[in-house]
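In: All I have is the shape, not the residue letters:
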């Protein structure tokens, strides 16, 4: 599929080197600043919030985004997603992928062909898939976050920022063909933690536009509000990216992980089991409404997050249950003012599309809807607590199962995995391993009623042994990796950076 394509021609290499020299010192400085957020969260800017301003007007292709399907930049998946009838497809080079060079390279090649309507794929069984050159679904790309580097491209021996690498390569090859299609070079930006990081992203996008001869604002990005510090500067993030931003997305799973990371050493902020951390919880409702309020106040769309439930065509009961869960989740988002939502499976596209068409009365969006709420730091911090009864053995075991099964798949280059009728990616795996760490290391370890004991190293080892016996295909490296991350005295910020350096390049 990549015959004759030079992914990194000399001109692009020189530009990547220029971007690295210009922005790498700032990136490193901003990553150091993130450590301060464990002590003090960023503050809103009164002057920005009090003044009248709005983002650059949305281009027509980005005004209606009722349903967006997401997944890795895999050729077969891209073809199916662009044929799904969704308003947009987000090709994910981050949480639904892995940092392996082969995975990232193949993803960029597949996006090159998709942007030109020329993508084809032949399965190992010989089945042929061919992209309709006239596909109507918008193609969007999510690069890796600022915390990641691309070790296979170095400038004077130093690895380049994965964010810069992904965006520059994608825009260099695909901006022009996407514009010719009547769409544009549209991105998702992950893992932002502050307005200063948004300013860096804005400068990167402006520099790329200048290099490619594109007018300011041609590149449009949707920002994922998926870190706890970012929730305190949503309007400031919009302001810094006002020439390039198109919307905000409520990335709920990374957001929950970020809360655990932010309050990793605070026993009064230990969260209960993942299944209890629903969007109906007051602190999650406050988060969702803040995304909608800030976005709509400044003219940006608000896109809902991902329900982890996925259909199962082979099991009618599970299939019906998953569809009802997704319907309930998306109906709530519509009532909160969201303009669209994510799904992980093509079967959910027509269901969610109908919900939004009916809920919005045929309108393209709900930009005129402003939640009757104000920014409330207290509401964002109104976390539930582990009850006196402790945590359930079932939930504890499920966190270990998800962690081991996902890490095993991740080490093989698979970033999105269907486990126990849920779609798990890096964000949900991060929640599982982070909860295991926090429950073990807090000064008030939760009890596990069914075992008549508290969380302990010995209990974890017992459950790890049970899981590896039940799933013998789990890689030994995944077991060692989970032990290292859970038993480490200090919390490891990202499994992706840790695992890539220590394990991924061995596989």
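Out: It's in. Given the structure is predicted, the values throughout are model-derived calculations rather than measurements.
In: What helix or strand is residue 398 located in?
Out: helix 393-411 (DSSP states H and E).
In: ok, residue 236 touching residue 48?
Out: Yes: using C-beta atoms under 8 Å, residue 236 is in contact with residue 48, at 5.5 Å. Where you see a C-beta, it was placed from the backbone N, CA and C, and this is true even at glycine.
In: who's more crowded, those two?
Out: residue 236 (22 against 15; other C-beta atoms under 10 Å).
In: Kindly provide the distance from residue 459 to residue 408.
Out: Relative to residue 408, residue 459 is positioned 21 Å away (criterion: C-beta to C-beta, to the nearest Å).
In: quick one: which of those two has more around it?
Out: When residue 459 and residue 408 are compared for neighbours, residue 408 comes out ahead with 22 against 19, by other C-beta under 10 Å.
In: Next up, the contacts around the residue nearest to residue 468 when sequence neighbours are not counted.
Out: With sequence-adjacent residues excluded and distances taken as C-beta to C-beta, 6 or more residues apart in numbering, residue 468 is closest to residue 474, at 5.4 Å. By C-beta atoms under 8 Å, 6 or more residues apart in numbering, the contact set of residue 474 is 404-405, 408, 467-468.
In: From the centroid of the protein, which residue is nearest?
Out: The residue lying closest to the centre of the chain (C-alpha atoms, centre = their mean) is residue 95, at 5.4 Å.
In: Tell me the secondary structure at the residue nearest to residue 468.
Out: State at residue 474, reduced to three classes by DSSP: H, G, I helix; E, B strand; the rest coil: coil.
In: Need the per-residue pLDDT for it.
Out: In this model, residue 474 is scored at 97, pLDDT.
In: Now do the domain split for the chain, please.
Out: Residue ranges for the domains of the chain, per automatic domain parsing: 10-378, 393-506.
In: Now render the ones you listed as CSV, adding distance to residue 387.
Out: What follows is the domains of the chain, written out as CSV (distance: least, C-beta to C-beta, whole Å):
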stretch, distance to residue 387
domain 10-378, 7
domain 393-506, 9
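In: what about the strands in the stretch 301-450 of the chain?
Out: Under the criterion DSSP state E, counting those that start in this stretch, the stretch 301-450 of the chain contains strands at 301-306, 340-343, 417-419, 422-424, 447-448.
In: Wait, residue 113 touches residue 121, no?
Out: No: here residue 113 does not reach residue 121: they are 9.6 Å apart, not a contact under C-beta under 8 Å.
In: Buried ones in stretch 483-496, by neighbour count?
Out: For stretch 483-496, burial by neighbour count (16 or more other C-beta atoms under 10 Å) applies to 485-486, 492-496.
In: Determine which two of the residues you listed are furthest apart.
Out: For the buried residues of stretch 483-496, the maximum inter-member distance is 16.2 Å, found between 486 and 496 (C-beta to C-beta).
In: Pull the distance from the helix or strand where residue 104 lies to the chain's centre.
Out: Using DSSP H and E, residue 104 maps to helix 101-115. Chain-centre distance of helix 101-115: 19 Å, with C-alpha atoms, centre = their mean, to the nearest Å.
In: cool, and stretch 424-440?
Out: Centre-to-centre, stretch 424-440 and its host chain are 15 Å apart (C-alpha atoms, centre = their mean).
In: Please apply the same query to stretch 89-109.
Out: Computed by C-alpha atoms, centre = their mean, the chain-centroid distance of stretch 89-109 equals 13 Å.
In: again with stretch 295-302
Out: Offset of stretch 295-302 from its chain centre (C-alpha atoms, centre = their mean): 20 Å.
In: Any idea how far apart the tips of that stretch sit?
Out: Start to finish, the residues bounding stretch 295-302 are 6 Å apart (C-alpha to C-alpha, to the nearest Å).
In: what residues does stretch 256-272 touch?
Out: 37-38, 41, 226-229, 274, 277, 383-387, 391, 427, 430-431, 434-435, 437-439, 441-444, 446, 491, 493.
In: The nearest residue to residue 500 once chain neighbours are set aside: neighbour count?
Out: In this structure, residue 500 finds its nearest non-sequential neighbour in residue 99, 4.7 Å apart by C-beta to C-beta, 6+ apart. Counted with other C-beta under 10 Å, the neighbours of residue 99 add up to 25.
In: Next: the one 10 residues further on.
Out: Burial measure for residue 109: 18 neighbouring residues, criterion other C-beta under 10 Å.
In: Run through the neighbouring helices and strands of the helix holding residue 398.
Out: strand 417-419, helix 426-441, helix 457-470, helix 476-487, helix 495-502 (3 or more C-beta pairs under 8 Å, 6 or more residues apart in numbering; DSSP states H and E).
In: I'd like to know which of those lies nearest to residue 243.
Out: Using C-beta to C-beta, those put helix 426-441 closest to residue 243, at 28.3 Å.
In: so who does the residue nearest to residue 406 when sequence neighbours are not counted touch?
Out: Excluding its sequence neighbours, the residue lying closest to residue 406 (C-beta to C-beta, 6+ apart) is residue 429, at 4.1 Å. Each residue near residue 429 by C-beta under 8 Å, 6+ apart is listed here: 402-403, 406-407, 410, 495.
In: Over to residue 402?
Out: Residue 402 sits in contact with 419-420, 424, 428-429, 432, where contact means C-beta under 8 Å, 6+ apart.
In: Look up how far residue 257 lies from the nearest residue to it once chain neighbours are set aside.
Out: Leaving aside its sequence neighbours, residue 402 sits nearest to residue 432 (C-beta to C-beta, 6+ apart; 4.6 Å). Using C-beta to C-beta, residue 432 is found at 9 Å from residue 257.
In: for residue 417, same thing?
Out: As judged by C-beta to C-beta, residue 417 and residue 257 stand 17 Å apart.
In: more crowded one of these two?
Out: A direct count of neighbours by other C-beta under 10 Å for residue 417 and residue 257 places residue 257 higher, at 26 against 19.
In: quick one, what contacts the nearest residue to that one once chain neighbours are set aside?
Out: Once flanking residues are discounted, residue 257 sits nearest to residue 430: 4.2 Å by C-beta to C-beta, 6+ apart. Shown in contact with residue 430 (C-beta under 8 Å, 6+ apart): 253-254, 257, 494-495.
In: Which member of those is positioned nearest residue 284?
Out: Taking C-beta to C-beta as the measure, residue 253 is the one of the contacts of residue 430 closest to residue 284, at 11.2 Å.
In: got the angle between the strand or helix carrying the closest one and helix 495-502?
Out: Taking DSSP H and E as the definition, residue 253 sits inside helix 252-262. Interaxial angle of helix 252-262 relative to helix 495-502 (axes from the mean of the first three to the mean of the last three C-alpha atoms, to 10 degrees): 80 degrees.
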